[in-house]
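Participant: curious how this folds, go ahead:
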Amino acid sequence: LEIDHHHSVTNLAIRATGSEYPAQCISSMLRLQEGNGSNYNPDEPFDVITFDFSLNGMQDFPLLVRRLRERYPDALFIYVNLFSLSTPRGAFKSKNARALIHEQGGVVYHFGSIGPATADFNYHEELDRKNPPAKVRKLFGKDKHHASSRGHKVISSKLMEIIDSHDFPPDPQVGSWLGGDVCISWFQTGKTPLQIIEGGEMKEWDEEKHKFGIEVDQEDGMIIEYNHDGTQEAIMSLQYMTKSTVPNDPYSSMYPPVLILTKQNIQGILDSKTDAKTNMTGLVRTSVVEVEHEPDEDWVYLRGLQEKVHVRRFHISAVSSIGTVKPGVNFIYIFPVEKRSYPFRLTATMVCQACSEISWSSEDAW
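Facilitator: Presented below is the predicted three-dimensional model:
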């Protein structure tokens, strides 16, 4: 859109990431664009906002739409409904996401359709994904999963059809971020202001695609220091990597399940390390997934798995709440309950003040 059609574009796409991270971190993501060679101006509204989460997941998508609509009440929302030739189901079910976009006065473009940009298209019914026609196969790269350069050009041309036919208001408004968010991601940069007290190391674990994570020591765990500069206690979430070799076998996960504890004094964390290493946290499991007794207060158990079984085979990130952080310095302890092929890889910390403002909870998520 920027190169071929001379539009000003702010690209916030993140590899291997669904809608959960931007839903909780959209204002932080945009702040990073300021003064970073981007055309983004926080005081100017966006005319068009596009979404494409069908391949990596739509957890918390309603939260993202709600926050963006509050901030940009006049923007045209366009959902690009992508699919894959290489995965069993082709994509996440996007019916609810598409309906939500329509409710917001938006438009859906179905990738693979050669008709009008807004035409209905069901790839399950209209395509043999194992033996697609050449004109469809050329829309995909060699991995049969991501769009090829030709596919991207088709998408941009269809988006232009939609944009050119839309009547935009002459004086679009800018609304509120509803309290905003404070998110720190090092997934694509390897840089973070977080202080690792012990047991962790920043590594570029995918040198080809330049993906970074803080790897947690599998014996003793890791302690990090986080400074919450808000004036009120706030919910914190972590983003981390997941992958299983056999989707319905949780023990095939390449990453370990972990216990997490947050306190405001380092001595309290150090004292609790012994509890974690001697199984004195109160956690009783019958399997990686099944928990007979939740851990004691303050401890949080993360299974290290995607909730949806059919996407566990993909090497993608997940987001989980770990409780709250208080104003000032907080110490976070992450302890692997089991050893796995890969250490627990932490890619971001997320504090969504807007989520508290609108009383958003995991029960509201899809």
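Participant: and the longest helix seen in the chain, which residues are buried?
Facilitator: In the chain, taking DSSP state H as the definition, the longest helix is helix 149-164. Using 16 or more other CB atoms under 10 Å as the burial criterion, the residues of helix 149-164 that qualify are 151, 154-156, 158-159, 162-163. Placement of C-beta: from N, CA and C, glycine included.
Participant: same thing with stretch 78-97?
Facilitator: For stretch 78-97, a neighbour-count test (16+ other CB under 10 Å) marks 78-85, 87, 90-92, 94, 97 as buried.
Participant: same check on stretch 341-352?
Facilitator: For stretch 341-352, burial by neighbour count (16+ other CB under 10 Å) applies to 342-352.
Participant: how about the helices in the stretch 1-150 of the chain?
Facilitator: For the stretch 1-150 of the chain, helices defined by DSSP state H, counting those that start in this stretch occupy the ranges 20-31, 61-71, 95-103, 123-126, 134-137, 149-164.
Participant: who wins for proximity to residue 251 among the ones you listed?
Facilitator: With CB to CB, the closest approach to residue 251 among the helices of the stretch 1-150 of the chain belongs to helix 20-31: 24.7 Å.
Participant: state the mean pLDDT of that closest one.
Facilitator: Averaging pLDDT along helix 20-31 gives 95.
Participant: centre of the chain to that helix, how far?
Facilitator: Distance of helix 20-31 from the chain centroid (CA atoms, centre = their mean, to the nearest Å) equals 9 Å.
Participant: elements contacting that helix?
Facilitator: With contacts taken as 3 or more CB pairs under 8 Å, 6 or more residues apart in numbering; DSSP states H and E, helix 20-31 sits against helix 61-71, strand 181-185, strand 234-242, strand 316-325, strand 345-352.
Participant: what distance do you get for residue 23 to residue 308?
Facilitator: Plainly put, residue 23 is 16 Å away from residue 308 if you go by CB to CB, to the nearest Å.
Participant: tell me which of the two has more neighbours.
Facilitator: residue 23 (28 against 13; other CB atoms under 10 Å).
Participant: let me see the contact set for the more buried one.
Facilitator: Residues counted as contacts of residue 23 (CB atoms under 8 Å, 6 or more residues apart in numbering) are 59-61, 63-64, 67.
Participant: please apply the same query to residue 43.
Facilitator: Contact partners of residue 43, counting by CB under 8 Å, 6+ apart, are residue 174.
Participant: how close does it get to residue 126?
Facilitator: According to CB to CB, residue 43 stands 44 Å off from residue 126.
Participant: as a check, name the ranges of all helices in the stretch 251-366 of the chain.
Facilitator: 266-277, 353-357.
Participant: any idea how far the closest residue to residue 132 other than its chain neighbours is from residue 312?
Facilitator: Nearest residue to residue 132 in three dimensions, chain neighbours excluded: residue 85, at 6.2 Å (CB to CB, 6 or more residues apart in numbering). To residue 312, residue 85 is 20 Å away according to CB to CB.
Participant: cool, residue 243 as well?
Facilitator: To residue 312, residue 243 is 7 Å away according to CB to CB.
Participant: now, which of the buried residues of stretch 78-97 sits nearest residue 273?
Facilitator: Residue 273 lies nearest to residue 92 out of the buried residues of stretch 78-97, by CB to CB, at 38.6 Å.
Participant: give the contact list for that closest one.
Facilitator: With CB under 8 Å, 6+ apart, residue 92 has these contacts: 53-58, 308, 311.
Participant: for the protein, where's the lowest mean pLDDT among helices and strands?
Facilitator: Lowest on mean pLDDT, DSSP states H and E among the helices and strands of the chain sits helix 353-357, with a mean of 85.
Participant: other residues contacting that helix?
Facilitator: With CB under 8 Å, 6+ apart, helix 353-357 has contacts from 24, 27, 63, 67, 177-182, 230, 234-235, 360.
Participant: which residues does the closest residue to residue 111 other than its chain neighbours contact?
Facilitator: Spatially, and ignoring its direct neighbours in sequence, residue 111 is nearest to residue 82 (4.9 Å; CB to CB, 6+ apart). Taking CB under 8 Å, 6+ apart, we find residue 82 in contact with 52, 54-55, 91, 111, 147.
Participant: between these, which has the most around it?
Facilitator: Counting by other CB under 10 Å, top hit in the contacts of residue 82: residue 54 with 23 neighbours.
Participant: pLDDT wise, what is that residue at?
Facilitator: On pLDDT, residue 54 comes in at 93.
Participant: was I right to think it contacts residue 89?
Facilitator: No: using CB atoms under 8 Å as the test, residue 54 is too far from residue 89 to be in contact (10.3 Å).
Participant: what separates the nearest residue to residue 70 once chain neighbours are set aside from residue 73, distance-wise?
Facilitator: With CB to CB, 6+ apart as the criterion, residue 70 has its nearest non-adjacent residue at 5.2 Å, and that residue is residue 175. Distance, residue 175 to residue 73, using CB to CB: 5 Å.
Participant: wait, is the residue nearest to residue 70 part of a helix?
Facilitator: No: the assignment for residue 175, made by DSSP: H, G, I helix; E, B strand; the rest coil, is coil rather than a helix.
Participant: that one touches residue 72, doesn't it?
Facilitator: Yes: counting by CB under 8 Å, residue 175 touches residue 72, with 6.9 Å between them.
Participant: which one of these two has more residues nearby?
Facilitator: residue 72 (19 against 14).
Participant: where does the stretch 51-200 of the chain have low pLDDT?
Facilitator: Counting by pLDDT under 70, the stretch 51-200 of the chain shows no low-confidence range.
Participant: ok, the stretch 251-366 of the chain next?
Facilitator: Scanning the stretch 251-366 of the chain for pLDDT under 70 picks out 362-366.
Participant: thanks again, I'm all set now.
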